[in-house]
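Quick one: sequence plus predicted model below, questions after.
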Amino acid sequence: MEIIYTDVLVIGGGLAGQRAAIGARRRGLDVTILSLVPAKRSHSAAAQGGMQASLGNCLGGSGDNEDLHFADTVRGSDWGADQEVVRMFTHTAPKAIREMAAWGVPWSRVRQGPHSITEDGEQKTITEPAAAHGLIDSRNFGGTAKWRACYVADGTGHAMLYAMSNQAIAAGIPVHERLEAIALICDGERCCGAVVRNLMTGALSAYMARATCIATGGFGRIYRVSTNAVINEGMGAAIALETGIARLGNMEAVQFHPTGIFPAGILVTEGCRGDGGLLLDGAEHRFMPGYEPEKRELASRDVVSRRMEEHIAAGHGATTRFGDHLWLDIRLLGAEHIDGKLREVKEICQYFLGIDPSRELIPVRPAQHYSMGGIRTDHNCHSRELRGLFAVGEAACWDMHGFNRLGGNSVAETVVAGMIAGESIADFCASADGSIQLATNLANDALSAQAAQLTAIADSTGNESAVELTKLMQETMTDKVGIFRRGESLQQAVQTLLELQRRSAGVRLRSSASGANPELVAAYRLPRMLKLALCVTHGALMRCESRGAHYREDYPQRDDAQWLRRTLASWPDADDTLPTLDYEALDIHRMELPPGWRGYGTKDSIDHPSTAIRETEIAQLIANYPEADRYQRQNLLMPFHHLLPPGFRGRNQRLEDTE
Amino acid sequence: MNTIPLNQARTLTLRILRHNPTDPDSEPRLQDFQVEETDAMTLFVALNIVREEQDPSLQFDFVCRAGICGSCGMLINGRPALACRTLTRDLGDTVVLAPLPGFALIGDLSVDTGKWMRGMSERLETWIHAEGLETKNLDAIEDAMDPELAEQLYELERCIECGCCVAACGTMQMREEFVGAVGLNQIARFQLDPRDTRSDSDYYELIGDDSGVFGCMTLLGCDDMCPKQLPLATQIAFLRRRMAAV
């Protein structure tokens, strides 16, 4: 069995993994990327609508800055986010977008002069100033105070992924394609690489590395209805969990996107609503203003998805033989706008629904979309428990999204976290901890253990089918661990998943085909997906409150007094059937923005006693320094620049600074 | 869903070219599978049903299943296309599926487009060539770009490297080293981009021969088969004129 050595092993070839790889490579390290698929096919390509960064170039973005982006993100997270991380993120996002511009992303640009726009169902004319002409444009998205989503028509992720991949190729970074990391190699204290299976030949090998970075995206495929690509099965998070050391944060925080096309669950971008599209019910009545007068169709995704399901449950959906759905109406935007800025949406409607969205309504219903949870890291994207293991992007719980992510913040996170991780991986490798003993027996033991597991599956004489058990898991998750959750149904879901876990030991293969063997792949992924499903479900059952995307009908209030805590799931013993849950408190006394009302959704929450104290403290601090500008004021409340790599600490320049 | 016609109870025959190159005993052969058609069925759905219910060893590639990642290019009744967004209702009762020609076969309908595309990208250096990218001041306001130019660049950048143009190309059948419409389109994209400092003579070094722009016989297979409707023939003609002038 082959052993390959590299300084840095990046598992996952999407935006986050490739940016981290480029950063580490620039610092002189030898970097290898593993990817299930050719890197340019990664799920990052599916981000359509935009990337949030407070450039403030266009009229709708005028006056935008890091402070507003910070506040929107924290409110969006329902105060579940790490506010220092949100500051690091909002500060670095403009740099990320400018770097991507230099690398060739053809960002849509501001055009000076009058434009017709659609807002709240009305046509309006706005006039873009000459000074902004040719600078990066942005569009409106849910849960934001400004037009902040920078975009490339509705192929933003695609354009970014191609520019990123091309830079990685230019840097000579090898991408070992169609390889799957099936276990991490640990010496009990630190991560030393991974055991890897070749998806074309079935061969196993070991990659030994000083630093290992997981960037494998989310785990949407544990649900039946998901916008995620079929490769998003969460294997990166699962193998981290299986070390028994690394922990997963907030796994119960799962986002459902309001506009998956019905019934296939294929995403149509939030940009449809950002650009002025409306949600209609079965009677073609616009229902969102009745629920959310402040933000209407553009409240945060958790709120809009919940309102949609509420409206369907009240009997207002359009009924079909596949079930009920609602309508997305973008007809009012006009064919010219759709042909130019929503052309992927148009293609999707054309090919999958056989309709023209400039003339017909799009059937939509919320679908699983994003995993806020993932491998818990520190500010430097480094696992807190397992040294040498880093995680970035959707696979990580860095934790800038808390319990609900804002649209356009994920694609921004991939690049920003990649930039930061690239530096911190290089710093780690340069430190005393960064060297490893080349223990080939460690690699051989890990390889043998995995080989034995695969042989056991291939030789199993049970009578279970991996495909069938996977489907049962997906049904359970969609039916019982979805947008509305209750104690009893979560308890039933845990029982079902435990039963599936027990049955998964009896999976038998029908085919003994050599090489890729897709059936074997399904068989070895199943128990790992079940572990993730149990982390989500058990975490959801234990969290007796509603926060962001986690909504408990039996505990409808956000409960800061009891639950301003991050869930940490671990799997210390391979024979355990349930994850071990621990909790990490969020400290209100260190928050720049103490918990409050989000500006949309319900106002009903249980306060933490520290909130009022911190509010007084903040008012005092601000009163003591009446002369402070916004940077100084921010620094008084929650300093964060010291957490950033030195190269990313500079102030972001904007158009208004030059006037 | 009232937009999808009902009552199409057909039994489809999927006639699939099977071969597993890792198995020394495997001989390429056509194998028939029967699938009950359902409403709005795509080849993504149909192939998964075959694998789940009839033959677990069947190999094919899907990632996004939404027509944006380019993984599932295959020959559908002899024409290269994306399987995920091909509705079975647009096809006859028997559908012949084969892997894309021009790429190394991994097994059945799965081919190694990734390796080919990476090779093309390295050879044509499909990235922005500019001084000082590593030291660029990221705090400063970005350079302005003409909005129409940005849109033109995106037009060409919509390529998803699915390989359909390569499979549809007559020149590829004769010249293995031909860079294909996918490669030439990317050169056209960087040539148009003012951020890339390469000159026409630099591009000539990359594509100024029979394996590049002068190899194209203008059979237009690429242009006809591109699932993203990229203006490939126009781009090749444009590049040929520019390269002839170098």
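Yep, that arrived.

contacts, neighbours, all on C-alpha from now
Will do.

Compute the number of surrounding residues for A:I22.
Residues near A:I22, counting by other Cα atoms under 10 Å in any protein chain shown, number 26.

swap in A:M200?
21.

What spatial separation is found between A:T496 and A:R405?
29 Å (Cα to Cα, to the nearest Å).

Domain parsing of chain B, as residue ranges.
B:11-110, B:113-134+B:145-244 (the TED database).

and the last one, how far apart are its ends?
In other words, domain B:113-134+B:145-244. 30 Å.

pLDDT of that domain, averaged?
Here domain B:113-134+B:145-244 scores 97 as its mean pLDDT.

What of the first one?
Here the mean pLDDT over domain B:11-110 is 96, rounded to a whole number.

How far away from the center of its chain is it?
On the basis of Cα atoms, centre = their mean, to the nearest Å, domain B:11-110 sits 16 Å off its chain's mean C-alpha point.

what does stretch A:237-249 give?
The answer for stretch A:237-249 is 17 Å, by Cα atoms, centre = their mean.

about what we covered before: nearest to A:L621 among the domains of chain B would be which one?
domain B:113-134+B:145-244 (39.8 Å; Cα to Cα).

do that closest one and chain A meet at all?
Yes: Domain B:113-134+B:145-244 is in contact with chain A by Cα under 8 Å from any Cα of the partner chain, via B:113-115, B:118, B:121-122, B:125-128, B:133, B:145-147, B:150-151, B:153-154, B:157-158, B:193, B:195.

Got a quick PyMOL command for the buried subset of those residues?
Entered in PyMOL, the line below selects the buried ones among the residues of domain B:113-134+B:145-244 next to chain A, by 16 or more other Cα atoms under 10 Å in any protein chain shown:
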select buried, chain B and resi 113+114+115+118+121+125+126+127+128+145+147+150+151+153+154+157+158+193+195
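
Contacts only, for the residue nearest to the spatial centre of chain B.
Closest to where the C-alpha atoms of chain B average out (Cα atoms, centre = their mean) is B:C162, at 2.1 Å. Contact analysis of B:C162 by Cα atoms under 8 Å, 6 or more residues apart in numbering or on different chains lists B:C69, B:G70, B:S71, B:C72, B:G73, B:L82, B:T113.

now, the most widely separated pair of those residues?
Within the contacts of B:C162, B:L82 and B:T113 form the most distant pair, 13.4 Å apart (Cα to Cα).

Including distance to A:W147, could the domains of chain B go into JSON lines?
Compiled in JSON lines, these are given as follows (distance: least, Cα to Cα, whole Å):
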{"stretch": "domain B:11-110", "distance to A:W147": "26"}
{"stretch": "domain B:113-134+B:145-244", "distance to A:W147": "18"}
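
nearest to A:T461, of these?
domain B:11-110 (16.9 Å).

any low-confidence regions in the stretch 551-659 of chain A?
For the stretch 551-659 of chain A, applying pLDDT under 70 flags the ranges A:659.

Could you check how far B:A245 is from B:G208?
Distance from B:A245 to B:G208, by Cα to Cα: 11 Å.

quick one: secondary structure of the residue nearest to the centre of chain B?
Of the three states, B:C162 takes coil under DSSP: H, G, I helix; E, B strand; the rest coil.

Out of the contacts of B:C162, name the ones that lie in helices.
Among the contacts of B:C162, the members falling in helices (DSSP state H) are B:T113.

Phi and psi next, for the closest residue to A:S371 other than its chain neighbours.
Closest residue to A:S371 in three dimensions, ignoring its sequence neighbours and counting by Cα to Cα, 6 or more residues apart in numbering or on different chains: A:V254, at 4.9 Å. Main-chain torsions, A:V254, degrees, to the nearest 10: phi -120, psi 130.

OK, contacts around A:V254?
The contact partners of A:V254, taken as Cα under 8 Å, 6+ apart, are A:Q368, A:H369, A:Y370, A:S371, A:M372, A:G373, A:F403, A:N404, A:A549, A:H550.

mind listing the helices for chain B?
Using DSSP H, helices in chain B cover B:43-53, B:113-124, B:147-157, B:164-167, B:170-174, B:180-192, B:200-207, B:221-225, B:232-244.

now those helices as CSV including distance to A:D72?
Output for the helices of chain B, formatted as CSV (distance: least, Cα to Cα, whole Å):
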stretch, distance to A:D72
helix B:43-53, 39
helix B:113-124, 39
helix B:147-157, 29
helix B:164-167, 43
helix B:170-174, 52
helix B:180-192, 37
helix B:200-207, 46
helix B:221-225, 44
helix B:232-244, 43
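
To A:P293, which of the ones you listed lies closest?
Nearest of those to A:P293, taken as Cα to Cα: helix B:147-157 at 35.0 Å.

Just the angle for that closest one relative to helix B:180-192, thanks.
160 degrees (axes from the mean of the first three to the mean of the last three Cα atoms, to 10 degrees).

what distance separates helix B:147-157 from the middle of the whole chain?
20 Å.

tell me the contacts of B:G78?
B:V96, B:L97, B:A98.

Counting by contacts, list what the biggest helix by length in chain A packs against.
The longest helix of chain A (DSSP H) is helix A:518-542. On a contact count with 3 or more Cα pairs under 8 Å, 6 or more residues apart in numbering or on different chains; DSSP states H and E, helix A:518-542 meets helix A:235-241, helix A:440-459, helix A:466-480, helix A:487-504, strand A:565-570.

Need the winner for burial among those.
Highest mean neighbour count of these: helix A:235-241, a mean of 26 (counted as mean count of other Cα atoms under 10 Å in any protein chain shown).

and that one, what does it pack onto?
strand A:179-186, strand A:374-376, helix A:518-542.

Ranking the ones you listed by mean neighbour count, which comes first?
When you average the neighbours per residue for each of the helices and strands packed on helix A:235-241 (mean count of other Cα under 10 Å), strand A:374-376 leads with a mean of 32.

distance between the helix or strand of chain A with the lowest mean pLDDT and the chain's centre?
Ranked by mean pLDDT, DSSP states H and E, the weakest helix or strand in chain A is helix A:655-658, scoring a mean of 87. Relative to its chain's centre, helix A:655-658 lies at 32 Å (Cα atoms, centre = their mean).

Now do that helix: which elements does it pack against?
Using 3+ Cα pairs under 8 Å, 6+ apart, helix A:655-658 is in contact with no helix or strand.

And it, what's buried?
Quick answer for helix A:655-658 (16+ other Cα under 10 Å): A:L655.

looking at the helices and strands packed on helix A:518-542, which has the lowest confidence?
helix A:440-459 (a mean of 94).

ok and that one relative to strand A:179-186, angle-wise?
130 degrees.

got the angle for helix A:440-459 vs helix A:487-504?
If you take the same axes, to 10 degrees, helix A:440-459 sits at 90 degrees to helix A:487-504.

elements contacting helix A:440-459?
Right, helix A:440-459 is packed against strand A:179-186, strand A:191-198, strand A:204-214, helix A:518-542 by 3+ Cα pairs under 8 Å, 6+ apart.

contact partners of it?
A:1, A:3, A:182-183, A:185-187, A:195, A:204-206, A:208, A:507-509, A:512, A:520, A:523-524.

related to what we said a few turns ago, could I have the least confident helix or strand of chain A exported to PDB, CA atoms only?
What follows is helix A:655-658, C-alpha atoms only, in PDB (Å, rounded to 0.1, in the frame of the first residue of the first chain):
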ATOM      1  CA  LEU A 655     -15.600  55.300  -2.900                       C
ATOM      2  CA  GLU A 656     -16.900  57.600  -0.100                       C
ATOM      3  CA  ASP A 657     -13.300  57.800   1.300                       C
ATOM      4  CA  THR A 658     -12.100  59.300  -2.000                       C
END
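
Could you list the residues in contact with that helix?
Contacts of helix A:655-658 (Cα under 8 Å, 6+ apart): A:G56, A:N57, A:G63, A:A131, A:A132, B:I141.

Enumerate every residue touching the residue nearest to the second one when sequence neighbours are not counted.
Right, the one you point to is A:N57. Using Cα to Cα, 6+ apart and skipping residues adjacent in sequence, the residue nearest A:N57 is A:A132, 5.8 Å away. Residues near A:A132 by Cα under 8 Å, 6+ apart: A:N57, A:C58, A:V110, A:R111, A:Q112, A:L655.
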